[in-house]
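Engineer: Requesting a structural model of the entry that follows:
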Amino acid sequence: MSTHCTSTTEEQRIATGEAHGKAILFGEHAVVYGAPALALPLPELTCRATVRPVTGPGSGGSRLRMVAPGAHGTPRETAGDVPEELALLLLAFAERAGLKTPPALEIHLDSRIPPSRGLGSSAANARALVRALDALCGTGLAEQEAFDLVQVAERSAHSRASGIDALATGSERPVLLADGRARTPSVGAGFHVVVADSGSGGSTREAVGMLRDAFARDPDLRTRFIHRSTGFARAALDDLAAGRLPSLGRRLTDCHRMLAGLGLTTDGTDALARTALDAGALGAKMSGGGLGGCVVALATSAAHAESVSTALAGRTGARTWTAAVPEGAGHDGR
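Structural biologist: This next block holds a predicted model:
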């Protein structure tokens with residue numbers, strides 16, 4: 001993540017901020033009930049925000065122009081008023097910066113992250129905008145302050161937001177959120193992930209509501225889900241630290257089956273998971289809110305990932321992306 005600010009005259013000040021996508025390996029949904037979650041950055045899926053002040057009579061409020069992947073990945077441009085979640089972010093930033101009102105801005109979001117796919121598009125949009133605002137106004141936001149502002153937008157967009165997306169879209173390493181604290185877990189052996197798009201948009205808000213209603217009808221279901229999800233995540237962290245990639249892969253697949261049992265997978269994501277496994281992936285599961293979206297598959301190397309990606313694209317027509325997760329020691333803190 002980076003920021004950049006240039007200035008000529010007051011009317012021509014421009015600032016930019018960047019973020020990227022993410023994929024959740026373990027803990028989706030359970031994380032909002034206090035269970036641990038593990039997410040990976042997807043640096044290939046970038047988002048850049050550019051902001052320019054609008055001054056003079058009749059400047060009015062902020063306006064947004066956005067370019068993001070549409071159907072089949074074709075870029076689609078939209079323009080209009082700033083959506084509610086970003087308007088709330090602008091209001092919170094103005095308060096943090098000591099401004100009486102949010103600045104009137106021309107905002108351009110250029111994103112390569114497909115929306116409604118569980119890849120963190122809304123969090124990346126918010127994080128890129130926060131960094132652009134920080135550069136524009138010279139506020140010098142600390143990471144915790146940037147995180148808090150992103151969470152303002154995420155809570156508006158998704159009803160409940162654990163913070164894992166807000167963290168992972170700004171991190172260069174895997175992120176573990178557990179017991180209300182973020183840290184970087186140890187990775188004992190580097191690996192690659194392949195992310196495949198089912199072609200069907202999911203809805204985190206709908207999935208969260210569906211689970212909430214199911215848990216209200218059957219509190220024991222919630223207890224079992226949190227217990228199993230926590231067990232998967234904790235065991236996966238041990239596998240990750242020890243470099244036991246085959247075991248880590250099996251846990252991914254087992255987790256997919258658990259989420260399928262809750263009705264969160266679809267025919268499309270189930271088919272992608274099966275295809276990835278048939279192509280030699282060590283494991284595969286849905287990633288994100290579910291009810292559509294993407295599948296993430298585990299590979300041992302770049303060549304292995306390319307083989308799995310080629311099979312997924314050839315057999316299902318799915319768009320795919322890959323990311324490397326290098327070996328490295330863990331550490332605490334954001």
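Engineer: Flag every buried residue along stretch 285-302.
Structural biologist: 285-300 (16 or more other C-beta atoms under 10 Å). Quick note: C-beta positions are derived from backbone N, CA and C, even for glycine.
Engineer: Leaving aside the residues adjacent along the chain, what's closest to Ser198?
Structural biologist: Nearest in space to Ser198, with sequence neighbours left out and distances taken as C-beta to C-beta, 6 or more residues apart in numbering, is Gly268 at 3.6 Å.
Engineer: which residues touch that neighbour?
Structural biologist: Going by C-beta atoms under 8 Å, 6 or more residues apart in numbering, Gly268 touches 198-200, 292.
Engineer: Longest strand in the protein, please.
Structural biologist: When the chain is parsed with DSSP state E, its longest strand is strand 37-53.
Engineer: Direction included, what does that strand pair up with?
Structural biologist: Next to strand 37-53 in the sheet, as set by DSSP bridges, lie strand 14-26 (antiparallel), strand 105-111 (antiparallel), strand 175-178 (antiparallel).
Engineer: re the thing from before, state the pair within the buried residues of stretch 285-302 that is farthest apart.
Structural biologist: Using C-beta to C-beta, the pair of these lying farthest apart is Leu291 and Thr300, separated by 30.3 Å.
Engineer: so where do the strands sit in the stretch 1-150 of the chain?
Structural biologist: 3-6, 14-26, 37-53, 63-69, 75-81, 105-111 (DSSP state E, counting those that start in this stretch).
Engineer: Figure out which of the ones you listed is closest to Ala126.
Structural biologist: strand 14-26 (8.1 Å).
Engineer: And the closest one, how far out from the chain middle?
Structural biologist: Centre-to-centre, strand 14-26 and its host chain are 7 Å apart (C-alpha atoms, centre = their mean, to the nearest Å).
Engineer: Spatially central, which residue of this structure would that be?
Structural biologist: What sits nearest the mean C-alpha location of the chain, by C-alpha atoms, centre = their mean, is Gly120, with 2.4 Å.
Engineer: wouldn't that one be in contact with Leu40 here?
Structural biologist: No - at 10.4 Å, Gly120 does not count as touching Leu40 under the criterion of C-beta atoms under 8 Å.
Engineer: one step back: tell me the angle the longest strand of the chain makes with strand 63-69.
Structural biologist: 140 degrees (axes from the mean of the first three to the mean of the last three C-alpha atoms, to 10 degrees).
Engineer: count of neighbours near Glu172?
Structural biologist: 11 (other C-beta atoms under 10 Å).
Engineer: Would you mind measuring from it to Lys22?
Structural biologist: To Lys22, Glu172 is 11 Å away according to C-beta to C-beta, to the nearest Å.
Engineer: what's the answer for Ser156, then?
Structural biologist: In terms of C-beta to C-beta, Ser156 sits 19 Å off from Lys22.
Engineer: what ranges do the helices span in the stretch 151-300 of the chain?
Structural biologist: 164-168, 204-217, 219-242, 245-261, 267-278 (DSSP state H, counting those that start in this stretch).
Engineer: between those, which gets nearest to Val54?
Structural biologist: Among these, helix 164-168 sits nearest to Val54 (C-beta to C-beta), with 27.6 Å.
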